[in-house]
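Engineer: I would like the atomic coordinates for the input below:
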Amino acid sequence: MIVALAACGREKGPRTRFSGETALGYVKTQLDFGPRIPGSEAHRRTGDWIVAQMRERADTVIEQTWTHVTMSGDTLPMRNILARYRPRATERVLYVTHWDTRPISDGARDSAQRALPVPGANDGASGVALFIALGDALRNTPPDVGLDLLFVDGEDYGEFPKDANLDSAKDVLIGSRYFARNLPEEGYMPLYGILWDMIGDRDLQIFQEGNSLRGAPEVVSLVWRKADDDLGYSKYFIPQPGQFVIDDHIPLLNAGLHVIDVVDIDYPYHHTPEDTFDKVSAASLQVVGDVALSLVSAGR
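Structural biologist: Numbers count the residues shown, from 1 in each chain. Down below sits the predicted model:
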């Protein structure tokens, strides 16, 4: 059952200084660049834009750049972007999202559309918009802990495996795998991490992802307590087990980092040409932004 956004026993409106309306504008900016397919001009321009935005908002911005050779022999320029708040703090939280978009619409019902690129309003742009709007909220009020906002590249390029064994799927989760092998410093071990993916869906319902419950149940509990008990968002953060999703948290879990996936996977426009601006909303971004900000900022 799809649950529309409504008041959750509290008055409507933001719970924090995060702005869902501002975040929605950042979704539009990314869509105006075009599909952010690795190797494309739109991909390069979007990466430059993210770096510029985060340099205005974060204490430190680090770029990880490398080339990835695909299974078909193509060479792709890749870039992870790490924006750090309170970089000297030893207690840290890691937030992750991907900023690329899928080159094909293999989820389209019409076979004629499957060769089209995915616009990526929800699947890509919503997470990036969340992070930049978090940066707005944190610009003058730093988080209570060290915070790392990681924009990973190449999540959605190739064919996904059927399970968490990634050996046969070289061309997906590219950036998160690279980060897991190239952590920002020796002994890097955040208190916890959260992957935010496809969080702008107008009909927002986020269940507790299966691999997250298996690999870092304490982080799932932390996030859902914040969303449900503290903020009153139980209609959107559903306290029930959901699907097992192969996503950027898997390489990080495999590397020993306690990272969960906050993802609204039941999105009818996933991997289709219809993942467009009208499918996301400021209200959904507000819900998720309130949760994300509240977890790292007691003052909100």
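Engineer: contacts and neighbour counts: CA atoms only from here.
Structural biologist: Fine.
Engineer: Would you map the helices across the stretch 1-150 of the chain?
Structural biologist: Here the stretch 1-150 of the chain has its helices, by DSSP state H, counting those that start in this stretch, at 20-33, 41-57, 126-138.
Engineer: Now do the shortest one and helix 20-33, the angle between them.
Structural biologist: Orientation of helix 126-138 against helix 20-33 (axes from the mean of the first three to the mean of the last three CA atoms, to 10 degrees) gives an angle of 130 degrees.
Engineer: that older thread, and of the helices of the stretch 1-150 of the chain, who's closest to L253?
Structural biologist: When these are compared by CA to CA, helix 126-138 sits nearest L253, at 19.6 Å.
Engineer: Please name every helix or strand in contact with the closest one.
Structural biologist: Applying 3 or more CA pairs under 8 Å, 6 or more residues apart in numbering; DSSP states H and E, one finds that helix 126-138 makes contact with helix 20-33, helix 41-57, strand 92-98, strand 192-197, helix 282-296.
Engineer: and for the last one, what are the contacting residues?
Structural biologist: Where contact means CA atoms under 8 Å, 6 or more residues apart in numbering, the residues beyond helix 282-296 that reach it are 5, 14-24, 93, 126, 130, 134, 143-145, 147, 199-204, 223, 226-227, 231, 233, 236, 300.
Engineer: for it, which positions count as buried?
Structural biologist: 282-296 (16 or more other CA atoms under 10 Å).
Engineer: Which of the residues you listed sits closest to G39?
Structural biologist: Within the buried residues of helix 282-296, proximity to G39 (CA to CA) peaks at L285, which comes in at 28.5 Å.
Engineer: Relative to A23, how far out is the closest one?
Structural biologist: For L285, the distance to A23 equals 7 Å [CA to CA, to the nearest Å].
Engineer: who touches both of those two?
Structural biologist: With CA under 8 Å, 6+ apart, L285 and A23 have common neighbours 126, 130.
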